[in-house]
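Q: the amino acid sequence is not available; the structure is as follows:
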């Protein structure tokens with residue numbers, strides 16, 4: 001309210017014979033602002049092109065472009081206000097007062113901004129990584145890292161915009177941080193099935209699959225002895241981008257190979273026994 005009163009008082013103190021000049025300056029300032037925004041957009045595109053030319057990381061590029069765009073707009077508005085006739089000291093005072101008010105009103109925004117800086121410097125993830133945020137159970141591929149928010153693209157084509165403070169305040173799993181992942185599959189077989197034959201089938205499937213890496217490091221083992229099955233486990237390395245396709249394909253091939261070789265995969269069964277009540281009890 002004080003800022004508005006000061007602005008109205010300033011307008012009332014302008015001599016009437018100079019009001020026309022003020023209006024002309026105001027119209028000219030609006031035109032310059034419209035042109036200035038176009039120039040800022042062009043300059044941002046040029047800077048972005050140079051960042052791409054020098055191979056700047058996507059996360060850093062997105063973050064720097066956000067800062068540049070906001071800074072240039074603030075500079076343009078301050079310059080035009082001074083040209084219209086607003087005193088530079090008044091501008092600084094208004095900006096300082098507005099800064100305090102915004103800081104109090106947007107504490108979460110400042111927290112997100114600080115978190116954005118932490119993400120940029122510590123680099124727990126980058127654009128293109130698939131991450132899982134365990135606080136609110138958000139997950140997806142990182143599309144953009146900006147001043148206040150990080151945008152994820154989910155596997156079903158949704159976009160999730162997450163405050164940066166949520167990412168720095170919770171546990172994050174970077175699924176694609178490494179070039180390869182350990183694929184682990186567990187399957188139960190009947191106690192009556194041939195254990196060694198089942199292990200040999202798994203070993204053969206690993207050798208035949210083209211996507212599995214470091215086959216000499218693959219492991220096939222008895223994971224546990226369950227109530228109704230012997231649980232076998234297999235571990236092998238696969239390229240990160242082929243993890244899910246390989247897992248799904250191996251699950252299908254294991255089922256088909258076990259069926260073809262008489263290896264039974266048990267499933268829960270329930271036996272019901274109906275006992276006839278003696279006649280004397282019925283009476």
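A: Looks like it came in fine. In this text the structure is predicted, and so the values were computed from the model without any measurement.
Q: and the residue nearest to residue 206 when sequence neighbours are not counted, how far from residue 205?
A: Distances taken as Cβ to Cβ, 6 or more residues apart in numbering put residue 218 closest to residue 206, at 5.0 Å, once the chain neighbours are dropped. Just so you know, the C-beta spots here come from the backbone N, C-alpha and C atoms, and that holds for glycine as well. Distance, residue 218 to residue 205, using Cβ to Cβ, to the nearest Å: 10 Å.
Q: show me which of these two is the more surrounded one.
A: With neighbours defined as other Cβ atoms under 10 Å, residue 218 and residue 205 compare such that residue 205 has more, 20 against 17.
Q: is it correct that that one falls within a helix?
A: Yes - applying DSSP: H, G, I helix; E, B strand; the rest coil, one finds residue 205 inside a helix.
Q: contacts only, for it.
A: Shown in contact with residue 205 (Cβ atoms under 8 Å, 6 or more residues apart in numbering): 250, 253, 254, 257.
Q: hmm, residue 183 and the first one touching each other?
A: Yes - between residue 250 and residue 183 a contact is recorded at 7.4 Å, counting by Cβ atoms under 8 Å.
Q: if we can go back for a sec, pretty sure the residue nearest to residue 206 contacts residue 234?
A: Yes - Residue 218 is in contact with residue 234 according to Cβ under 8 Å; the separation is 7.0 Å.
Q: which parts of the stretch 1-150 of the chain are helices?
A: Using DSSP state H, counting those that start in this stretch, the helices of the stretch 1-150 of the chain run over residues 2-12, 19-53, 58-84, 88-105, 107-122.
Q: elements contacting the second one?
A: Contacts of helix 19-53 with other secondary structure elements, assessed using 3 or more Cβ pairs under 8 Å, 6 or more residues apart in numbering; DSSP states H and E, are made with helix 58-84.
Q: what is the mean pLDDT for the helix it packs on?
A: In this model, helix 58-84 has a mean pLDDT of 71.
Q: swap in stretch 260-278?
A: Mean predicted lDDT for stretch 260-278 stands at 78.
Q: in it, which residues are buried?
A: The neighbour-count check on stretch 260-278 (16 or more other Cβ atoms under 10 Å) flags 263, 266 as buried.
Q: hang on, the earlier thing: in terms of mean pLDDT, which of the helices of the stretch 1-150 of the chain ranks lowest?
A: Looking at the helices of the stretch 1-150 of the chain, the weakest mean confidence is helix 2-12, a mean of 48.
Q: just to revisit the earlier point, state the distance from the residue nearest to residue 206 to residue 34.
A: From residue 218 to residue 34 the distance is 64 Å (Cβ to Cβ).
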